[in-house]
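# for reference, the sequence and a predicted model appear below.
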Amino acid sequence: MSILQKMTGNQYHKNKHEYDKAIIAVGSCENHGYHLPFGTDTFVSNILAEKVAERVKGLLVLPPVNVGVSEHYAYFPFTVTLQPETLIAVLKDIMRSVIKNGMKKIFIMNGHDGNIAPIEIASRSIKMEFPEVRIASLDAWWVTAGNLLPPDTFEVWNGLGHAGEGETSMGLALFPELIEMEYARGVVPNLPDGVEIKWNFAELTDCGATGDPTKGTVEKGRMMEDVLVNRLVKFFEEMDACDWRYNSQQSAL
């Protein structure tokens, strides 16, 4: 067992020497159209974290952060959000707790766009506080999966979108019992390439979803799951092989 929440004190005490690194999922609680559950971002990131831990020796799964920075989705009910400064503080406290327990390798599995900047700030701060600690993250699995899969995998907008083709497909693969596909619909917004507009979500869609969730399938979701889990497992294998020494041999540090 590698899931901390499900361990007893006895189980952890007997096996604590086996764990040298931790993974934490960071999600959100917000509207995901009419067809996906509010906890989609947390479910996806945490399930992927658990699947990776099944194949990576010494990886302990921490409890997920269920609420993220979702202010930009607040026009849709029932958005539960933290302030960016709050999430930064929460992540820093969690990482300090991990370090206090002797682990110096931390991986953050993010499931929500609003968490990317707080994760960056929290991680940089902890690195300054504990220079010996190694921190890595997957900030946007929805982008990474699209880059890893063949270019013709998705039918609309390269599978992107909040509750769109890709995210809906992932949900169908991981937690189909929570999805109501008969209510799926979305809007493909008119966004320019190369420049990022700082929108609030109500400016992009009237139904809480972007992209085309009706194109989502279990098969596409399983493909996304496979390439992501395989890529992360490979990452841990590569980093463990070099004891997470990613600095140049010529570095003065």
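Received, thanks.

# wait, residue 27 touches residue 64, no?
Yes. Using Cβ atoms under 8 Å, residue 27 is in contact with residue 64, at 5.9 Å. Quick note: C-beta positions are derived from backbone N, CA and C, even for glycine.

# shared neighbours, the two?
42, 45-46 (Cβ atoms under 8 Å, 6 or more residues apart in numbering).

# residues in contact with the longest helix seen in the chain?
Using DSSP state H to define each element, the chain has its longest helix at helix 218-241. For helix 218-241, the external contacting residues (Cβ under 8 Å, 6+ apart) are 21, 48, 51-52, 55-59, 105, 107, 109, 134, 136, 138, 141, 144-145, 148-149, 153-154, 159, 165-166, 168-174, 176, 246.

# so which of the residues you listed belong to helices?
If you go by DSSP H, those have 48, 51-52, 141, 144-145, 148, 165-166, 168-174 in helices.

# those residues, buried ones only, as a ChimeraX selection?
Only the buried entries of the ones in helices among the contacts of helix 218-241 go into this ChimeraX selection, using 16 or more other Cβ atoms under 10 Å:
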select :48,51,52,141,144,145,165,166,168,169,170,171,172,173,174
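
# ok, which pair from the ones in helices among the contacts of helix 218-241 is furthest apart?
Pairwise distances across the ones in helices among the contacts of helix 218-241 (Cβ to Cβ) peak at 23.6 Å, for the pair 52 and 165.

# report the mean per-residue pLDDT for stretch 2-9.
Throughout stretch 2-9, pLDDT has a mean value of 97.

# element containing the residue nearest to residue 115 when sequence neighbours are not counted, please.
Of all residues not flanking residue 115 in the chain, residue 68 sits nearest, at 4.4 Å (Cβ to Cβ, 6 or more residues apart in numbering). Here residue 68, judged by DSSP states H and E, is contained in no helix and no strand.

# show me what contacts residue 68?
Applying Cβ under 8 Å, 6+ apart, we find residue 68 in contact with 26-29, 41, 81-82, 87, 112, 114-115, 118.

# same list (those residues) but as TSV, adding distance to residue 126 and secondary structure.
Below are these laid out as TSV (distance: Cβ to Cβ, whole Å; DSSP: H, G, I helix; E, B strand; the rest coil):
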residue	distance to residue 126	secondary structure
26	14	strand
27	20	coil
28	22	coil
29	25	strand
41	22	helix
81	23	coil
82	18	coil
87	14	helix
112	20	coil
114	20	helix
115	15	helix
118	12	helix
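
# okay if I get the residues you listed as JSON lines plus pLDDT, neighbour count and distance to residue 93?
Below are the contacts of residue 68 laid out as JSON lines (pLDDT from 0 to 100; neighbours: other Cβ atoms under 10 Å; distance: Cβ to Cβ, whole Å):
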{"residue": "26", "pLDDT": "99", "neighbour count": "32", "distance to residue 93": "13"}
{"residue": "27", "pLDDT": "98", "neighbour count": "24", "distance to residue 93": "17"}
{"residue": "28", "pLDDT": "98", "neighbour count": "29", "distance to residue 93": "19"}
{"residue": "29", "pLDDT": "98", "neighbour count": "22", "distance to residue 93": "20"}
{"residue": "41", "pLDDT": "98", "neighbour count": "32", "distance to residue 93": "21"}
{"residue": "81", "pLDDT": "98", "neighbour count": "19", "distance to residue 93": "18"}
{"residue": "82", "pLDDT": "98", "neighbour count": "21", "distance to residue 93": "13"}
{"residue": "87", "pLDDT": "98", "neighbour count": "24", "distance to residue 93": "11"}
{"residue": "112", "pLDDT": "98", "neighbour count": "27", "distance to residue 93": "19"}
{"residue": "114", "pLDDT": "98", "neighbour count": "21", "distance to residue 93": "19"}
{"residue": "115", "pLDDT": "98", "neighbour count": "29", "distance to residue 93": "15"}
{"residue": "118", "pLDDT": "98", "neighbour count": "24", "distance to residue 93": "13"}
